[in-house]
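Participant: 3D model of this:
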Amino acid sequence: MHTAGFSNGAFLSYGIACRYPSLIAAAGTNAGGLSQSQFAACQKGEGAVPIQSFNSLDDPAVLYNGTTEWVGQDAINGMWRHRNGCTEGVEEPHTTLETDTTTCLRWDCPLAPVEACSLEGIGHCWYGGRSGGFEKCIARPGDADATGKMFSLWEELSQACDIDVTRH
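Facilitator: Numbering: from 1, shown residues only. This is a model prediction of the structure:
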């Protein structure tokens with residue numbers, strides 16, 4: 001099973017992946033993070049989960065660098081790299097997308113990949129479109145398409161495991 005979420009749903013997707021890693025094939029998060037207490041519990045947990053995160057450096061609702069209530073995205077990405085078997089300084093990221101608005105970095109950790117996309121100059125949105133009518137959330141040339149990238153990773157992972165993702 002995959003989990004994906006936006007905003008509070010992203011907090012939930014991270015929480016599910018932390019708590020039930022053996023049940024989750026991959027987690028995608030968009031404009032969300034982890035509370036301080038969830039992060040502490042997740043750091044102590046075990047079990048790898050492929051992770052993709054999409055966050056704006058300019059999100060006024062879920063601050064990229066965190067708050068007193070939730071952890072910054074760099075720390076969350078580092079925690080997932082650790083859980084997924086990456087060793088600091090050994091597994092270096094490679095760029096999967098770099099434009100004027102978006103940088104996506106992927107670590108191919110021994111147990112599961114971690115991909116983190118950061119966007120500039122956009123607010124609290126599902127990135128790559130599906131604006132919900134919010135002017136500041138209209139997709140711009142160069143923005144990561146979170147939906148498309150999530151489905152691409154899920155397809156890649158299913159092929160690696162020889163799973164038919166088209167069955168219902």
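Participant: Could you give me the buried positions within the longest helix belonging to the chain?
Facilitator: Looking across the chain with DSSP state H, the single longest helix is helix 146-161. For helix 146-161, burial by neighbour count (16 or more other CB atoms under 10 Å) applies to Ala146, Thr147, Lys149, Met150, Leu153, Trp154, Leu157, Ser158. All C-beta spots, glycine's among them, are computed from the backbone N, C-alpha and C.
Participant: I'd like the distance between the fourth one and Leu12.
Facilitator: Computed with CB to CB, to the nearest Å, the distance linking Met150 and Leu12 is 15 Å.
Participant: Identify the residue spatially nearest to Pro60, adjacent ones excluded.
Facilitator: Gly123 (6.1 Å; CB to CB, 6 or more residues apart in numbering).
Participant: correction: Gly15
Facilitator: Using CB to CB, 6+ apart, the closest residue to Gly15 is Gln38 (5.5 Å).
Participant: Confirm that that neighbour sits in a helix.
Facilitator: Yes - assigned with DSSP: H, G, I helix; E, B strand; the rest coil, Gln38 falls within a helix.
Participant: That one: what's it in contact with?
Facilitator: By CB atoms under 8 Å, 6 or more residues apart in numbering, the residues touching Gln38 are Phe11, Tyr14, Gly15, Cys18.
Participant: Most neighbours among those residues, which one is it?
Facilitator: Using other CB atoms under 10 Å as the neighbour test, the contacts of Gln38 are led by Tyr14, with 28 neighbours.
Participant: isn't that one right next to Ala27, touching?
Facilitator: Yes - in this structure Tyr14 lies within contact range of Ala27 using CB atoms under 8 Å: 6.6 Å.
Participant: anything in contact with each of these two?
Facilitator: The contact lists of Tyr14 and Ala27 share no entry, where a contact means CB under 8 Å, 6+ apart.
Participant: quick revisit: and the residue nearest to Gly15, how far is that from Tyr64?
Facilitator: Gln38 is 17 Å from Tyr64, by CB to CB.
Participant: before we move on, what about Arg140?
Facilitator: Here the criterion is CB to CB. By it, Arg140 lies 18 Å from Tyr64.
Participant: Kindly report the same for Glu46.
Facilitator: 27 Å.
Participant: Neighbour count: these two, which is higher?
Facilitator: Neighbours around Glu46 and Tyr64, counted as other CB under 10 Å, are more numerous at Tyr64. The numbers are 16 against 7.
Participant: quick one on the thing from earlier: how deep is the residue nearest to Pro60 tucked in, by neighbour count?
Facilitator: Gly123 has 15 nearby residues by other CB under 10 Å.
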